[in-house]
Each structure stands twice: as structure tokens, then as C-alpha cells.
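K.L.:
structure here, sequence nowhere to be found:
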């Protein structure tokens, strides 16, 4: 069996594929971090973001949305001068707006539960054999994108949301020929690991 072809040959990408991508993520803050980073990826490759992820975490206060929600022009200026991240004003300002949007959903029902309810609390198990079978987005990612935008999120189009869903295990898109496909499927079969409804 061979791992999914997109993992390439760089060790950082291989490690990400083997240990993170597709593993169900149940933590509310971690889900938000990944959605924000996928927004920064827009127009770029994921490996570019992956190589800068530690820099992003340092620059964005460990992706604590409660901290970031209080940021303003001074923090935007600071981040625009940080060479360790992607210096894009729109994406930086969107992160602050997304932190505030996250807080509202988190207070209402939990951001984790909000997202996982879209798939009934369990990962969608796909059975793709080739990379060209994997869609760039789906009707569900389009619906989630629309709802996120309605709630104030930015940089969360249908393609970004589908990449996010794949990464956090809401959908298992490891190819059936990949050694990670079955283990990820088993993790999903274990069922929801969410806190009690708020």
C-alpha cells in the first residue's frame, strides 16, 4: 500500500499525512485553528502553511480565539511586519473577525458540536481509489461555508471548507490504497467524542 500521492517526499508533509490528516478532531479551539490556517492557505499550497505553522502559533497567541477577538489595528500592524507568517492584511483581519464569530457559536452550542452536527457526529467514510476521484468541494461543504459566512466567518469558501473537513476527519478521504485509510475509518467508527450539549 502507498500513502496518498499528495503527501510527496518532504518529511514534514509525510508526517502530517501519517499522523494528523483525517484524524477526527473534537477540540473546539483546535478546529478553529485549522479553519483559520486553511483560510491563510487560500491561493497557496498547504505545505507553505505547514512549514510556518509554529510561527503562526507564536504570532497568534497559540490561536486562542478569546485573546485574538480583542485585537485591533496595533496587532494587525504587528502581524503585517512578521516575516514568519503570511503577511496578508485581509486574512489577518479575517482571523480577528473569525475569533469573534467563533466566540458566539462556542457560547451558543460549542464550535465543535456545531461543526460535527453537519455530519451527524460521525465522519463521512469515502472510498476513493485515485486522487482524481476526490472532489474539490461538495454540496455539504458549500452549505457549511454558507452558514459560516452567515455567522460572520471569512475566507471559508466551499473549497477551503472541504479541505478543512478532510483535515479534521469530518470526512475520510485517505485513498483506499493508503495505509492510513483503515485506521482513520476505525477512529471514526468509535463515535462522537464531544462534550455534553451546552
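P.N.:
Ah, there it is. These numbers were taken from a predicted model, which means no experiment stands behind them.

K.L.:
does the residue nearest to residue 39 when sequence neighbours are not counted count as helix, strand or coil?
P.N.:
Distance criterion C-beta to C-beta, 6 or more residues apart in numbering; nearest residue to residue 39, sequence neighbours excluded, is residue 155 at 3.3 Å. For the C-beta atoms, the positions are set from N, CA and C on the backbone; glycine is no exception. Following DSSP: H, G, I helix; E, B strand; the rest coil, residue 155 is assigned to coil.

K.L.:
neighbours around residue 155, how many?
P.N.:
Residues near residue 155, counting by other C-beta atoms under 10 Å, number 22.

K.L.:
quick one: average pLDDT of stretch 149-165?
P.N.:
In this model, stretch 149-165 has an average pLDDT of 97.

K.L.:
that one: which residues count as buried?
P.N.:
The neighbour-count check on stretch 149-165 (16 or more other C-beta atoms under 10 Å) flags 153-165 as buried.

K.L.:
again with stretch 52-68
P.N.:
For stretch 52-68, by 16+ other C-beta under 10 Å, it's 52-53, 56, 59-60, 63, 65, 68.

K.L.:
again, but for stretch 15-25
P.N.:
Neighbour count says stretch 15-25 has 16-18, 21-25 buried, by 16+ other C-beta under 10 Å.

K.L.:
ok, stretch 105-120 next?
P.N.:
Within stretch 105-120, judged by 16+ other C-beta under 10 Å, the buried ones are 105-106, 110-116, 118-119.

K.L.:
and of those residues, the nearest to residue 191?
P.N.:
The shortest approach to residue 191 among the buried residues of stretch 105-120 belongs to residue 116, at 10.9 Å (C-beta to C-beta).

K.L.:
my guess is the closest one contacts residue 188, does it?
P.N.:
No. With contact defined as C-beta atoms under 8 Å, residue 116 does not reach residue 188; the gap is 11.1 Å.

K.L.:
can you pull out the strands in the protein?
P.N.:
Assigned by DSSP state E, the strands in the chain fall at 124-125, 171-172.

K.L.:
and the first one, what does it pack against?
P.N.:
Okay, so that is strand 124-125. strand 171-172 (3 or more C-beta pairs under 8 Å, 6 or more residues apart in numbering; DSSP states H and E).

K.L.:
what does the strand it packs on contact?
P.N.:
22, 119, 123-126, 162, 165, 181, 184-185, 188 (C-beta atoms under 8 Å, 6 or more residues apart in numbering).

K.L.:
again, only this time at 7 Å
P.N.:
22, 123-126, 165, 181, 184-185, 188 (C-beta atoms under 7 Å, 6 or more residues apart in numbering).

K.L.:
may I see those residues arranged in JSON lines, with distance to residue 79 as well?
P.N.:
Shown next, in JSON lines, are those (distance: C-beta to C-beta, whole Å):
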{"residue": "22", "distance to residue 79": "30"}
{"residue": "123", "distance to residue 79": "33"}
{"residue": "124", "distance to residue 79": "35"}
{"residue": "125", "distance to residue 79": "38"}
{"residue": "126", "distance to residue 79": "36"}
{"residue": "165", "distance to residue 79": "27"}
{"residue": "181", "distance to residue 79": "38"}
{"residue": "184", "distance to residue 79": "34"}
{"residue": "185", "distance to residue 79": "39"}
{"residue": "188", "distance to residue 79": "36"}
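
K.L.:
much appreciated, bye for now.
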